[in-house]
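J.: need a structure here:
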Amino acid sequence: MSLSDPIGDMLARLKNSQMRSHKKIELPSSKFKTKIAEILKSEGYIIDYKVTSVENKSNLHISLKYNSGNPVISSIERVSKPGRRIFSSADSLPKVNNGLGIAIVSTSKGVMTDIDARKQKVGGEIICKVF
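T.: Predicted coordinates:
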């Protein structure tokens, strides 16, 4: 099955799994999805992630994080979509909820948070906003 927006699918699975209070999710893996999971882990939005390979198919397993029964990720929203790409310079990167959330940005120096992109003075494609 071919997906037109694999990143959007990943974010939808995260959101839906947390609404149903699942502990873990499994989805097809890619380097880009792994980098997004790495950022979510380093920022404290998920517990852990793991990439497994079975019969030449790699899967990404994500352990979801909850705080007193409520999901840590209260909203995760795709910004740049396949139909409409959203790019931003380092100066005009958005602040999510006045700096309480993060925006994940794909730059020429790799995938990083908006805070890191501002520090390194690089712009790029805004993938999603997490709060």
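J.: Phe131 reaches Gly99, doesn't it?
T.: No: using CB atoms under 8 Å as the test, Phe131 is too far from Gly99 to be in contact (10.5 Å). Just so you know, the C-beta spots here come from the backbone N, C-alpha and C atoms, and that holds for glycine as well.
J.: now do the helices in the chain.
T.: Residue ranges of the helices in the chain, as given by DSSP state H, are 6-19, 31-42, 114-120.
J.: pLDDT of the longest one, averaged?
T.: So that's helix 6-19. For helix 6-19, mean pLDDT is 96.
J.: domain-wise, how is this protein divided?
T.: Domains of the chain are assigned by automatic domain parsing as 6-71, 76-130.
J.: what sits against Thr32?
T.: Careful, residue 32 is Phe; it's not Thr. Counting by CB atoms under 8 Å, 6 or more residues apart in numbering, Phe32 makes contact with Pro6, Ile7, Ser106, Val111.
J.: just name the closest of these to Glu77, please.
T.: Distance to Glu77 across the contacts of Phe32 (CB to CB) is lowest for Ile7, with 11.9 Å.
J.: check the spacing between the closest one and Val72 real quick.
T.: 20 Å (CB to CB, to the nearest Å).
J.: looking at those two now, which is surrounded by more residues?
T.: Legend: neighbour count by other CB atoms under 10 Å for Ile7 and Val72, higher for Ile7 (20 against 16).
J.: show me the contacts for the more buried one.
T.: For Ile7, the residues meeting the contact criterion (CB under 8 Å, 6+ apart) are Phe32, Lys33, Ile36, Arg78, Ile127, Cys128.
J.: can I assume the second one is in contact with Asp9?
T.: No: with contacts counted by CB under 8 Å, Lys33 stays clear of Asp9, the gap being 9.4 Å.
J.: how near is the residue nearest the centre of the chain to Ala117?
T.: Central residue of the chain (CA atoms, centre = their mean): Ile36, 4.2 Å from the mean position. The gap separating Ile36 from Ala117 is 14 Å, by CB to CB.
J.: just the buried positions in stretch 56-73, please.
T.: Going by neighbour count (16 or more other CB atoms under 10 Å), the buried part of stretch 56-73 is Leu60, Ile62, Leu64, Lys65, Pro71, Val72, Ile73.
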